[in-house]
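Undergrad: sharing a model that was predicted from the sequence below.
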Amino acid sequence: MFKTKKEFKKEFENACLVVVGKDFEDCSTEEKYFALAKLISSQAGELHEQKIAHKKIYYFSMEFLIGKLLENYLMNLGLTKTVSEGLKDMGESLEDYFDIEKDPGLGNGGLGRLAACFMDSLASLGYEAQGVGIRYRFGLFKQRIEDGRQVEDPDNWLEKDYPWEVKHLEAAVPVKFGGRVEKSYDGNEMHYQWIPEETILAVPYDIPMVGYDGKQVNTLRIWSAKPMEEGFDMDAFNRGDYAHANKHRADVQAITDILYPNDQSLSGRILRLKQEYMFTAAGIMDIVNNFKKQYGNHWEIFSEKVAIHTNDTHPAVCAPELMRVLMDQEGLGWDESWKIASASVSYTNHTILPEALEKWPIDMFRNLLPRLYDIIEEIDRRYRDSFHKNVDGWQEQLKNTAILWDGQVHMANLSVIVSHHVNGVADLHTEILKNIVLKDFYTLVPEKFNNKTNGISHRRFFAQANPSYRKLLEETIGKGWIHHPEELENLKKYEENVSFLEKVEASKKENKIRLANYIKKMTGIEVNPNSIFDIQVKRFHAYKRQLLNVLKIMDLYNRLLADPNFHIHPVTFIFAGKAAQGYTFAKDVIRLICAIADVINHDDRVNRMIKVVFIPNFSVSNAQIIYPAAEISEQISTAGMEASGTGNMKFMMNGAITLGTLDGANVEITQLVGSDNIKIFGLKAHEIETMRHQGSYLAWTLYHENQRIKKVLDQLMDDTYSHLSGGFDLIYDSLLRDNDSFFVLKDFESYMNAFEELVGLYEDKKTWWKMSVHNTACSGYFSSDRTIEEYVQEIWKL
Ligand code: GPW
């Protein structure tokens, strides 16, 4: 373990020899990066210590968006200065190494990044934890813009090896699919044997999760599918039929080839179910193996030593799979297995969108996982049996909560039934779960429900992403907030301090210049760092309403041209985010942004006032450049639809002012900063609910009554923006023919007014920067350290 610069240089040269097999001088920059990553990884490994007496949390998630690790781990291990100065002596630049690192895209968006922030907080708070996930050979596609449209390229992140992972063949486990179940009776009890059609091998790869101060190093264990030795078709191989022998190999490896890019919607594909079962079964087998090593067959203490958390329903088969292993392999009975599984497993719901609530056709499920299906059927049968049939409306209650209904396996219902706790991810979201989506469960088992408002790693998204603000804070309130984010509150004392506010403004300017340079490099567009940076970055979804933002810009443009007396402070509108390949509407919104950007940015009558930029390939690494540069944070989803949002927290912490609806965690941001320090507009969740219910909203009426709305909608159909990539009828139809399901036009006026009022405040520097500092000062609550402490105390009981 190196401590000094001198020791580092020696160990680094040695690492080049060992890892690359060449002298330092002969290594390429890439090879040197590789050697450095391996060196830091092994330093982290030395800190890895199993505290076997403690309870451990296994966090099952289909997605982990961990981002780049080198810079973060140097910071967490306190080695940044030693390493960067050591490298400088050797004629190298650490920043060049940062650029080389791949950003593994093993997730789609908020859900995957949340899992990564949780891993950071768990390690930094010193809890023993393991992340359990999938090692997709191809991460989320890379996005390019070509002729004003999104184009997808594969993300071959493993092409050149990934230095942070270590393969553990010795820990590989078999996973079964298909076949049938044989029942036998030994005169005493029934025995079940699953005779699979296919058995594959799940091979784990470990990535170290390094906590701040190196307190604790945990692992993220991601599983890869390989054919079993005997699974390789030797007969075909010996016959010389290589194609056939290889086909099997390819079919098996396909299980972990790709991440499904459809965020918040079902694929319905059998391959997806295979993915879900593969990593769940492998993770459960791993837990059982480790438990037996430490505690033998003392199953009665299992739930005192092991907590299993399911990140949404994707790993929902955790509980039945654990029961299967306990019964079929370890010989336990039903009651005992049920008690152990249901005392260990907990579940977080992340969405109320019906299209994202997982359901599998019973036939497909039973054919792929026959033994698991039997167990789920029995759980469902017992659930129905125990149902109190003496209350009014019990049939309706049962219909809404049963696992098997309508020929489908309802995964959310399975998750609630087998879990000891169920939580939503923001106050409003948990209330909607309790009162609407999972209402009947809440009536039956209110004690299971609780809220855990999401959080973000303030270390990655603030301390690391915003070095100029970090430095300023260290000079002002010290460093305590890195360990105790609630200490950001101490900033409140400086809200009136003009010289401090000026320094905050200067730091923001530095971050805006950094982003402007990145934009120039990626898009060729020059933006003015003195303009207001108004930013919306997130996945493209109808409910997130990027379209509302676009209509705002179109309207501003119309008015700037029409009215010589209309003035606003210059604004740069920045967008980034990916749309699923098959989601035509979302892709059309991206196309529309590119089209209006092309028109507006080339129009010399307005382009000193407004500009529009689409930054391609939004990812954890460019997010770290984008959030710190924002002044306005666009959080404008239809109220009630965004479970929480976490980008909203990243912007707030970096001193942006939220322009948003009362949705998800925006509600809590409002409560924390007070209504003077945020700009809220639009319909509330209950108003939307009522209008939906009554069917009282008519988009056509608004179109005919509001001239500004009429004009921008007509421009979707004429040639104002169609030059680059064609027209926008699909968007027009969604707003008018389909009666605007997301209340875009209904919120338009309120949004325009809110935007203009907010921009108006920018003229008064003192007010603006005071608001900005106040937002940062109140943001400690949104550290994932706070969230994790709540999970630990109230759910996992570590
Ligand atoms: F549908 N979320 C996401 F609930 O990013 F599974 N992807 C998803 O597939 C789902 C949810 C799922 C997001 C929510 O949309 C966002 O509001 C929330 O902040 C985030 O999960 C983390 O809880």
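TA: Happy to help now that I have it. Numbers count the residues shown, from 1 in each chain.

Undergrad: distance from stretch 535-554 to the middle of the chain?
TA: 19 Å (CA atoms, centre = their mean, to the nearest Å).

Undergrad: quick one: terminal-to-terminal distance for that stretch?
TA: Stretch 535-554 has an end-to-end distance of 16 Å (CA to CA, to the nearest Å).

Undergrad: for the stretch 201-350 of the chain, give the residue positioned nearest to the ligand.
TA: H350 (3.2 Å; CB to the nearest ligand atom). Bear in mind the C-beta positions are built from the backbone N, C-alpha and C, glycine included.

Undergrad: quick one, phi psi at that residue?
TA: Note on H350: backbone dihedrals following degrees, to the nearest 10 are phi -120, psi 0.

Undergrad: can you check H429 too?
TA: Residue torsions, per degrees, to the nearest 10, at H429 are phi -60, psi -40.

Undergrad: that one and S61, how far apart?
TA: 18 Å (CB to CB, to the nearest Å).

Undergrad: try A542
TA: Applying CB to CB, one obtains 25 Å for the distance of A542 from S61.

Undergrad: with neighbour numbers in mind, choose between these two.
TA: Using other CB atoms under 10 Å, the more surrounded residue of A542 and S61 is S61, with 28 against 19.

Undergrad: enumerate every residue touching that one.
TA: 111-112, 115, 131-133, 311-312, 314-315 (CB atoms under 8 Å, 6 or more residues apart in numbering).

Undergrad: N530 too?
TA: Here N530 is in contact with P570 (CB under 8 Å, 6+ apart).

Undergrad: helix/strand/coil for it?
TA: coil (DSSP: H, G, I helix; E, B strand; the rest coil).

Undergrad: could you measure it against I513, distance?
TA: N530 is 10 Å from I513, by CB to CB.

Undergrad: about what we covered before: which one of the contacts of S61 is nearest T256?
TA: G133 (10.3 Å; CB to CB).

Undergrad: please name the residues that touch that closest one.
TA: 60-64, 106, 115, 220-223, 279.

Undergrad: interface residues of the chain facing the ligand?
TA: Neighbours of the ligand within the chain, by CB under 6 Å from any ligand atom: 108-111, 114, 263-264, 312, 350-351, 356, 425, 454, 642-646, 664.

Undergrad: N528 touches I610, doesn't it?
TA: No: N528 sits out of contact with I610 when judged by CB atoms under 8 Å, with a separation of 10.3 Å.

Undergrad: any common contacting residues for these two?
TA: 570, 572.

Undergrad: sitting in helices, which of the residues of the chain next to the ligand do you find?
TA: 110-111, 114 (DSSP state H).

Undergrad: name the member of the residues you listed with the most neighbours.
TA: Neighbour max across these (other CB under 10 Å) = L114, 27 neighbours.

Undergrad: just the pLDDT for that one.
TA: Looking at L114, its pLDDT reads 99.

Undergrad: which ones are touching it?
TA: Counting by CB under 8 Å, 6+ apart, L114 has contacts 311, 425, 454, 646, 784.

Undergrad: again, only this time at 7 Å
TA: Counting by CB atoms under 7 Å, 6 or more residues apart in numbering, L114 touches 454, 646.

Undergrad: any low-confidence regions in the stretch 101-250 of the chain?
TA: Low-confidence segments of the stretch 101-250 of the chain, defined by pLDDT under 70: 230-234.

Undergrad: hey, where'd the strands end up in it?
TA: Using DSSP state E, counting those that start in this stretch, the strands assigned to the stretch 101-250 of the chain run over residues 129-134, 139-146, 149-155, 166-167, 173-177, 180-185, 190-195, 198-210, 217-227.

Undergrad: please identify the most buried of those.
TA: Most buried of the strands of the stretch 101-250 of the chain, by mean neighbour count (mean count of other CB atoms under 10 Å): strand 129-134, with a mean of 26.

Undergrad: just the CA trace of that one, in PDB.
TA: Output in PDB follows, covering the C-alpha atoms of strand 129-134 (Å, rounded to 0.1, in the frame of the first residue of the first chain):
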ATOM      1  CA  ALA A 129     -23.100  -5.000   1.400                       C
ATOM      2  CA  GLN A 130     -23.000  -6.700  -2.000                       C
ATOM      3  CA  GLY A 131     -24.600  -5.400  -5.100                       C
ATOM      4  CA  VAL A 132     -26.000  -8.300  -7.300                       C
ATOM      5  CA  GLY A 133     -26.400  -7.600 -11.000                       C
ATOM      6  CA  ILE A 134     -25.800  -8.500 -14.600                       C
END
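
Undergrad: direction included, what does it pair against?
TA: Strand 129-134 has the following sheet partners, assigned by DSSP bridges: strand 56-60 (parallel), strand 217-227 (parallel).

Undergrad: got the angle for that strand vs strand 198-210?
TA: Between strand 129-134 and strand 198-210, the angle comes out at 140 degrees (axes from the mean of the first three to the mean of the last three CA atoms, to 10 degrees).

Undergrad: so what's the residue lying closest to I145 once chain neighbours are set aside up against?
TA: Leaving out its chain neighbours, the residue that sits closest to I145 by CB to CB, 6 or more residues apart in numbering is P616, at 5.1 Å. Going by CB under 7 Å, 6+ apart, P616 touches 143-145, 522.

Undergrad: so L716, which of the three states?
TA: Going by three-state DSSP: L716 is helix.

Undergrad: wait, isn't it in contact with Y732?
TA: Yes: with contacts counted by CB atoms under 7 Å, L716 reaches Y732, the gap being 4.6 Å.

Undergrad: which one's more surrounded, these two?
TA: Between L716 and Y732, counted using other CB under 10 Å, L716 has the larger neighbour count: 24 against 15.

Undergrad: if I look at that one, how far off is D738?
TA: With CB to CB as the criterion, L716 and D738 are 14 Å apart.

Undergrad: same thing with Y192?
TA: In terms of CB to CB, Y192 sits 50 Å off from D738.

Undergrad: care to break the chain down by domain?
TA: 48-67+103-453+790-795, 467-782 (the TED database).

Undergrad: quick one, which of the ones you listed is nearest to V83?
TA: domain 48-67+103-453+790-795 (14.1 Å).

Undergrad: quick check: end-to-end length of the closest one?
TA: Span of domain 48-67+103-453+790-795 from end to end, CA to CA: 25 Å.

Undergrad: for the ligand, what's its nearest residue on the stretch 351-500 of the chain.
TA: T351 (3.1 Å).
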